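Colleague: here is a sequence with its predicted model. Questions after.
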Amino acid sequence: MNALEKNLHYVCGDTLPGAGLSIEVRPGIRWVRMPLPFVLDHINLWLLRDEIDGRAGWTVVDCSIAHPESRALWEQVFATQLDGLPILRVVVTHMHPDHVGLAHWLCERWNAPLWMSTTDYYVARVLLAEGDSAAGGEAAAAFFALHGMTDRKALDLLRARTHYYRNLVSGLPDSFVRMIDGDVLRIGGHAWRCLVGHGHAPEHIALYSEDLQTLIGGDMMLPRISSNVSVYASEPEANPLRMFLDSLAQMRRLPVDTLTLPAHGKPFKGMHRRIEQLEEHHRARLLELQQACTRKALSAYEAMPVIFTRKLDLHQTTFALGETLAHLHLLHFEGLLRRTRDAEGIVRFGAAVSPAQAPAGADCA
């Protein structure tokens with residue numbers, strides 16, 4: 001346990017669900033945990049006892065990646081954890097592969113509708129049709145080169161990486177039920193309010209039940225790590241870190257003793273303290289980057305080691321570079337750093353100057 005976690009209370013202690021099994025964390029709410037073949041090595045999925053149109057069954061929240069091991073574990077869950085009842089509805093918090101990967105398979109397997117935000121549903125459809133410009137392809141390579149990645153071998157590997165999303169997401173149903181911020185879902189006799197979060201995904205939906213004082217937080221509220229917040233080639237002028245921090249601030253309105261069910265890590269209480277920790281974390285990274293870029297103008301690739309000190313493989317670098325750029329964008333858009341292009345066309349971030357000092361045409365469009 002790291003020092004920050006000592007301020008949180010893990011309601012199940014160190015107990016984790018076994019493979020293909022579940023733990024009841026509230027009456028009618030079961031926790032399933034599935035492995036992932038990444039550094040972030042697991043995802044939490046939630047089974048909520050439900051009844052729709054007179055049929056008893058379950059609502060599932062999130063799906064895991066499209067992978068034979070995930071399907072096999074789901075089959076174990078179907079056989080042993082559903083009390084012989086069907087899945088009635090599949091809720092997906094957002095469009096990342098570990099959350100939506102098996103949505104098509106689950107919905108088809110149980111003839112169950114998909115519930116999802118409109119933005120994330122259609123972004124997922126675009127990525128399935130055209131490839132993931134965040135993870136690879138020509139657009140990603142050009143974007144990373146613009147921000148200082150000059151390693152030709154790494155750029156060639158990125159160009160060739162065109163099927164990342166499709167390899168992890170089996171597809172999407174042709175129809176879905178839209179979830180909007182403030183909507184209320186009736187699940188098992190309880191009202192669950194949709195809470196939109198921005199910055200990590202286009203339109204992430206968390207679910208909060210007031211009578212259960214329970215939040216299914218997806219990736220917006222994690223106990224051990226900070227969710228990745230990145231700028232991508234598809235939205236090069238985005239300011240996702242500001243949106244993420246503003247979304248966290250909105251969650252402060254929930255009660256202090258809310259039970260948070262995160263997508264990664266263990267169920268915990270102490271959400272308000274966790275919000276403070278995340279704010280402190282990003283504040284420190286912003287200060288480190290501002291100081292480094294004030295001493296010498298840096299590209300995002302050059303600035304990346306300032307906040308990511310460990311050795312990174314190419315996959316991790318794509319996330320780290322996007323997140324470094326998200327921090328630099330916040331500093332730039334709030335006037336704390338100045339953005340320019342050098343003679344090679346690489347974008348750099350340096351000391352802020354007043355408009356009177358800035359040479360004409362120096363700032364990026």
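Modeller: Sure, I can see it.
Colleague: how far off centre is stretch 292-304?
Modeller: Taking CA atoms, centre = their mean, to the nearest Å, one finds the center of stretch 292-304 at 26 Å from the center of the full chain.
Colleague: same deal with stretch 114-131?
Modeller: 14 Å.
Colleague: contact partners for the nearest residue to residue 136 once chain neighbours are set aside?
Modeller: Using CB to CB, 6 or more residues apart in numbering and skipping the chain neighbours, the partner closest in space to residue 136 is residue 161 (2.7 Å). To be clear about C-beta, it is placed using only N, CA and C from the backbone, and glycine gets the same treatment. By CB atoms under 8 Å, 6 or more residues apart in numbering, the contact set of residue 161 is 135, 136, 137, 140.
Colleague: what count of nearby residues applies to residue 345?
Modeller: By other CB atoms under 10 Å, 8 other residues sit near residue 345.
Colleague: which residue packs closest to it, ignoring adjacent ones?
Modeller: In space, residue 345 is closest to residue 146, 7.1 Å off (CB to CB, 6+ apart).
Colleague: list the contacts for that neighbour?
Modeller: 345, 346, 347.
Colleague: from those residues, which single one is nearest residue 153?
Modeller: Within the set of the contacts of residue 146, residue 346 lies nearest residue 153; the separation is 18.3 Å, counting by CB to CB.
Colleague: give the contact list for the closest one.
Modeller: Contacts of residue 346 (CB under 8 Å, 6+ apart): 145, 146, 147, 148, 299.
Colleague: in CSV, list those residues along with distance to residue 9.
Modeller: CSV is the format used below for these (distance: CB to CB, whole Å):
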residue, distance to residue 9
145, 46
146, 45
147, 40
148, 42
299, 42
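Colleague: now do the host helix or strand of residue 129: which elements does it pack against?
Modeller: In this assignment (DSSP states H and E), residue 129 forms part of helix 118-130. Applying 3 or more CB pairs under 8 Å, 6 or more residues apart in numbering; DSSP states H and E, we find helix 118-130 packed against helix 164-168.
Colleague: quick one: list the elements packing against the very next helix or strand once past the helix it packs on.
Modeller: Counting by DSSP H and E, the element after helix 164-168 in chain order, helix or strand, is strand 177-178. Strand 177-178 is packed against strand 114-116, with contacts defined by 3+ CB pairs under 8 Å, 6+ apart.
Colleague: strand partners (parallel or antiparallel) of the strand it packs on?
Modeller: strand 87-91 (parallel), strand 177-178 (parallel) (DSSP bridges).
Colleague: now do the helices in the stretch 151-300 of the chain.
Modeller: In the stretch 151-300 of the chain, helices defined by DSSP state H, counting those that start in this stretch lie at 152-160, 164-168, 240-251, 271-295, 300-307, listed in chain order.
Colleague: quick one: the first one to chain centroid distance?
Modeller: Read it as helix 152-160. 25 Å.
Colleague: what is it packed up against?
Modeller: Of the remaining helices and strands, those touching helix 152-160 by 3+ CB pairs under 8 Å, 6+ apart are helix 138-146, helix 314-333.
Colleague: which among those is found nearest to residue 60?
Modeller: helix 314-333 (26.8 Å).
Colleague: lovely, talk soon.
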